[in-house]
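Undergrad: fold the following and give me the result.
(4 chains)
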Protein chains: 2
Amino acid sequence: MNVSSKPERTRLSAEDWELAALHLIAEQGVGALAVEALARQLGVTKGSFYWHFRTREALLNAALERWEQYGEREVLGQIEQIADPRKRLPELFRRVAHELQPHRVYAALLKALDHPQVVPVMARVSQRRMEFLTTAYREAGLPAPQALNRARLTYAAYVGFLQLNFTLGLPRINHEEFDAYVEHMIATLIPA
Amino acid sequence: MNVSSKPERTRLSAEDWELAALHLIAEQGVGALAVEALARQLGVTKGSFYWHFRTREALLNAALERWEQYGEREVLGQIEQIADPRKRLPELFRRVAHELQPHRVYAALLKALDHPQVVPVMARVSQRRMEFLTTAYREAGLPAPQALNRARLTYAAYVGFLQLNFTLGLPRINHEEFDAYVEHMIATLIPA
DNA sequence: CGGATACCATACGGATGAGTATGGATCGCC
DNA sequence: GGCGATCCATACTCATCCGTATGGTATCCG
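TA: Here you go, the predicted structure:
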C-alpha cells in the first residue's frame, strides 16, 4: 500500500521492482528507467536488482506485461458490464475522462514508441480498445464502415488528448471547462 | 538539393548541421540526436561540430527554432489564403491528410515532450494551430464555446492519428480506406 | 543451532557519448 | 603567394550506465 519511495526496511521481490518501474515510467518516461536510479529509489543497490532480473530489458518486459494484464481486467472489464448499449458509450467517455490517473503509463508509453519492446504491447492494447469501440458504435446504430471510422476518430482524439494535456499541459483547462469538453465530445461523436 | 547522406566534399555551415539534425529527428527521434553520429553521417568528425555549436543543446534549439519558423510561414501561410471560410476547413483537412511528410518532425517531437527544450516550442506551435482552428470553426457558424471545444477535439484527433499511424503503424489502413476516413472526419467534425 | 538458500553490497570492466585541447588543412583576399 | 580567418581531425578527459564477480548478511527450516 506504500506507493511512495520511503526507505521500506523490508526485502524486495521481483514484483516490487516491476511496480517501482511502472511508477517511474509514468512520471519520467521509459528513457529514465535505469537500474541504478531505481535501486537508489528503493534504498538498495544494483546487486539486488541483478538477483531478481537477468537484465534491464527483462524488467521492462515484465513491467509492461504487468501493466497490460492489469488494464485488460480493470479497464475493459468494468466497462463491458454496462448493459444498455445506448448508454455504454457516454458512460465510457465519462469514466475514462475522470480516471486519468491510470492513463499516465499509457501516455508515457506513447512517447516511447521508438523502443522496440513497447511497440507490440501498445499495438495489442490499442487494437483491442479500438475493436471495443467499433462494436460499441455498431450497437449504437452506426453501419459497419462508419462505426470503424468513428472508432478510429474517437481513439485518435483520446490519444491526442493524453499527449496534449498530460505531457504538454495544453489546452490550459479547468474542471468545468473539461466537463464541458467531454460533453461536447459526446454530443459530437456519439450518434443520437 | 541533395537530401541523402552522400560524402559531399564541401565544407559545412551551421545550417547544414541544423537540417541534418531535423532529418535525423524525423527518422529516429530526438533521443538519437548524437553529435558523433551526426558527424559520421555528414562525413566529418566532432571537431567540426564544436566549431559551429557550443553544445549539443545549442544544436537542438537551433534546429527546433528553424523548424518552428518554417512551419509558421509554410504550413499556416498557405492555408490562410483559402478565401471562402466555409470551404476552408474541409480544404484544410484534405491538405493536411495528403501532406503527411512535413508532419514527421511534429510526430517525433510529440514523443520527446520529456525533453525540456522541446516543450515550449510545441506549446507555441500547438497553441497557434488550435487558435487557427477555433476561428475557422467560428467562421463556419459555430458559437464561441462550441468552436473552442470542436477545435480541441479536432486537434487532438490530428495529434492522436499521427502517433497511432506513424510510430505505431496503427490502424492498418490503405489509400482508399484512408480517404474514406478523412471524409468521415469532415462529415463528423465540420458543421453542415 | 547450524547450514542452505535468498537477498544484497562492493568493486570492478567495458561501452558510449559529451565536451576540451591543439594542431593541421583550406579558403578568402590583398 | 603569403597570411589571417575559417573549418576540421586527432587525441584525449570525464561522466554515466549496463553488466559481472564475489563476498557478506539475513532468513528459513530441519
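Undergrad: tell me which residues in the helix or strand where A:Ala63 lies are buried?
TA: A:Ala63 belongs to helix A:56-71 when assigned by DSSP states H and E. Across helix A:56-71, burial judged by 16 or more other CB atoms under 10 Å in any protein chain shown covers A:59-64, A:67-68, A:71. C-betas here are computed from N, CA, C, even on glycine.
Undergrad: can you list the buried residues in the helix or strand just after that helix?
TA: Using DSSP H and E, the next helix or strand after helix A:56-71 towards the C-terminus is helix A:77-79. Buried residues in helix A:77-79, counting neighbours by 16+ other CB under 10 Å, are found at A:Ile79.
Undergrad: repeat that for stretch A:141-159.
TA: The neighbour-count check on stretch A:141-159 (16+ other CB under 10 Å) flags A:142, A:146-159 as buried.
Undergrad: those residues in helices, which ones?
TA: Secondary structure defined by DSSP state H assigns A:146-159 of the buried residues of stretch A:141-159 to helices.
Undergrad: would TSV of those residues with distance to B:Tyr181 be doable?
TA: Formatted as TSV, those follow (distance: CB to CB, whole Å):
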residue	distance to B:Tyr181
A:Gln146	11
A:Ala147	12
A:Leu148	9
A:Asn149	5
A:Arg150	10
A:Ala151	11
A:Arg152	6
A:Leu153	8
A:Thr154	12
A:Tyr155	12
A:Ala156	10
A:Ala157	13
A:Tyr158	16
A:Val159	15
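Undergrad: may I ask which two of the residues you listed are separated the most?
TA: The distance between the two most remote of those (CB to CB) is 20.3 Å, for A:Gln146 and A:Val159.
Undergrad: which one of the buried residues of helix A:56-71 is nearest DNA strand C?
TA: The shortest approach to DNA strand C among the buried residues of helix A:56-71 belongs to A:Leu59, at 13.2 Å (CB to the nearest atom of the strand).
Undergrad: in contact with that closest one, which residues?
TA: Under the criterion of CB atoms under 8 Å, 6 or more residues apart in numbering or on different chains, the neighbours of A:Leu59 are A:17-18, A:21, A:33, A:35, A:49, A:53.
Undergrad: ok, A:Thr134 - how many residues close by?
TA: Using other CB atoms under 10 Å in any protein chain shown, A:Thr134 has 20 neighbouring residues.
Undergrad: over to A:Gly43?
TA: 13.
Undergrad: relative to chain B, how far out is it?
TA: A:Gly43 sits 25 Å away from chain B, going by CB to the nearest CB, to the nearest Å.
Undergrad: do A:His98 as well
TA: 17 Å.
Undergrad: count the neighbours of that residue for me.
TA: Residues near A:His98, counting by other CB under 10 Å: 11.
Undergrad: and what of the one 3 residues further on?
TA: The number of residues packed around A:Gln101, counting by other CB under 10 Å, is 8.
Undergrad: for it, give me its contacts.
TA: A:Gln101 makes no contacts at all, as judged by CB under 8 Å, 6+ apart.
Undergrad: returning to what we had before: just give me the closest of the contacts of A:Leu59 to B:Pro191.
TA: Comparing the contacts of A:Leu59 against B:Pro191 with CB to CB places A:Leu33 closest, at 45.4 Å.
Undergrad: the closest one touches A:Ala58, doesn't it?
TA: No: counting by CB atoms under 8 Å, A:Leu33 sits too far from A:Ala58 to count as a contact (11.9 Å).
Undergrad: which residue is the nearest non-sequential neighbour of the residue nearest to the spatial centre of chain A?
TA: Computing the C-alpha centroid of chain A and ranking residues by CA atoms, centre = their mean puts A:Tyr106 first, at 3.1 Å. Of all residues beyond its chain neighbours, the one nearest A:Tyr106 is A:Leu162 (6.7 Å), with distances taken as CB to CB, 6 or more residues apart in numbering or on different chains.
Undergrad: report how many residues lie close to the one you found.
TA: The number of residues packed around A:Leu162, counting by other CB under 10 Å, is 23.
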